[in-house]
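S.K.: Model the following, please.
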Amino acid sequence: MTSQNQWEDFLNPTIAQERLIFASLYITGYEMLKDSVVGRIKDFYCDGFSEGNLTFSPDYQKKVLDLNKSPLYASLQWLKNSEAIDESDIKIFEDLKKHRNLLVHELPELIFSGKLISSIDHFQKAIELLRKIETWWLINVEIPINPGFDGADVNPDEVLAGPVMMMQIMLEVLSGNETLLKQFQDARDKYP
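M.R.: Numbering: from 1, shown residues only. Okay, here's the model as predicted:
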């Protein structure tokens, strides 16, 4: 791409907006994935409140945080030890993190140069990894302790976790699809 083409794209509101929106979408998706990795485990070991702060079972320190100095990498290791993910998933996460860091630290250059196109594959991988982790939590933790599912045969391929659904909705809305808005408005008008 020539310098002239870069400037034309950069000064085109539609193209510049698309690049900024996609960068923010990827960063949001990565943060949702990171929250799933760390937050789910932290919530699992939460045992109450004290002086306005969450308190955690001593097992959180022993079984999670002692695995690595970083709570993020300790949580990834815990998920691996629990067979929710494997080593290839950790490598995918590392690649996603590098891409997130690139977007955050070099966003002006990437917006100007148009190199954000490569983020699409990374975004799909983030959704797939988020789906894998969230489905594992639902199938192995939440459903077994919910009496409403006693005796139910749950197909993991039919499970759609909230964070995954949220990312899919964001993709639909940002792609210009107004179907969900119309459905929401119709439901709102029907059931005020």
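
S.K.: ok now the strand or helix carrying residue 75, how far from the chain's centre?
M.R.: Using DSSP states H and E, residue 75 falls within helix 71-81. Relative to its parent chain, helix 71-81 has a centroid offset of 16 Å by Cα atoms, centre = their mean, to the nearest Å.

S.K.: For stretch 176-191, C-alpha coordinates in CSV please.
M.R.: The C-alpha trace of stretch 176-191 is given here as CSV (Å, rounded to 0.1, in the frame of the first residue of the first chain):
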residue,chain,number,x,y,z
GLY,A,176,-24.5,-3.9,10.6
ASN,A,177,-27.1,-6.6,11.2
GLU,A,178,-30.2,-4.9,12.7
THR,A,179,-32.2,-8.1,13.2
LEU,A,180,-31.5,-8.4,16.9
LEU,A,181,-32.5,-4.7,17.5
LYS,A,182,-35.8,-5.3,15.6
GLN,A,183,-36.5,-8.4,17.7
PHE,A,184,-35.7,-6.6,20.9
GLN,A,185,-38.0,-3.6,19.9
ASP,A,186,-40.8,-6.0,18.9
ALA,A,187,-40.6,-7.8,22.2
ARG,A,188,-40.4,-4.5,24.1
ASP,A,189,-43.5,-3.3,22.3
LYS,A,190,-45.4,-6.5,22.8
TYR,A,191,-44.5,-6.9,26.5
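
S.K.: contacting residues around it?
M.R.: Stretch 176-191 has contacts (Cβ atoms under 8 Å, 6 or more residues apart in numbering) with 169, 172-173. C-betas here are computed from N, CA, C, even on glycine.

S.K.: what's the distance between it and the middle of its chain?
M.R.: Stretch 176-191 has its C-alpha centroid displaced from the chain centroid by 25 Å (Cα atoms, centre = their mean).

S.K.: Can you mark which positions in the next helix or strand after the helix holding residue 75 are buried?
M.R.: Downstream of helix 71-81, the first helix or strand assigned by DSSP H and E is helix 87-113. If you call a residue buried by 16 or more other Cβ atoms under 10 Å, then helix 87-113 has these buried ones: 89-90, 92-93, 96, 99-100, 102-103, 107, 110-111.

S.K.: Make CSV out of the residues you listed and add pLDDT.
M.R.: Below are these laid out as CSV (pLDDT from 0 to 100):
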residue, pLDDT
89, 98
90, 97
92, 97
93, 98
96, 95
99, 91
100, 93
102, 89
103, 88
107, 84
110, 78
111, 79
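
S.K.: Show me which parts of the lengthiest helix in the chain are buried, residue by residue.
M.R.: Counting residues, the longest helix found in the chain (DSSP state H) is helix 13-45. By 16+ other Cβ under 10 Å, the buried positions in helix 13-45 come out as 19, 22-23, 25-27, 29-30, 32-34, 36-38, 40-42, 44-45.

S.K.: ok so, going back, among the buried residues of helix 87-113, which one sits closest to residue 65?
M.R.: Residue 65 lies nearest to residue 90 out of the buried residues of helix 87-113, by Cβ to Cβ, at 17.3 Å.

S.K.: Hmm, the closest one is touching residue 78, no?
M.R.: No. Contact criterion Cβ atoms under 8 Å: residue 90 and residue 78 do not qualify, at 11.5 Å.
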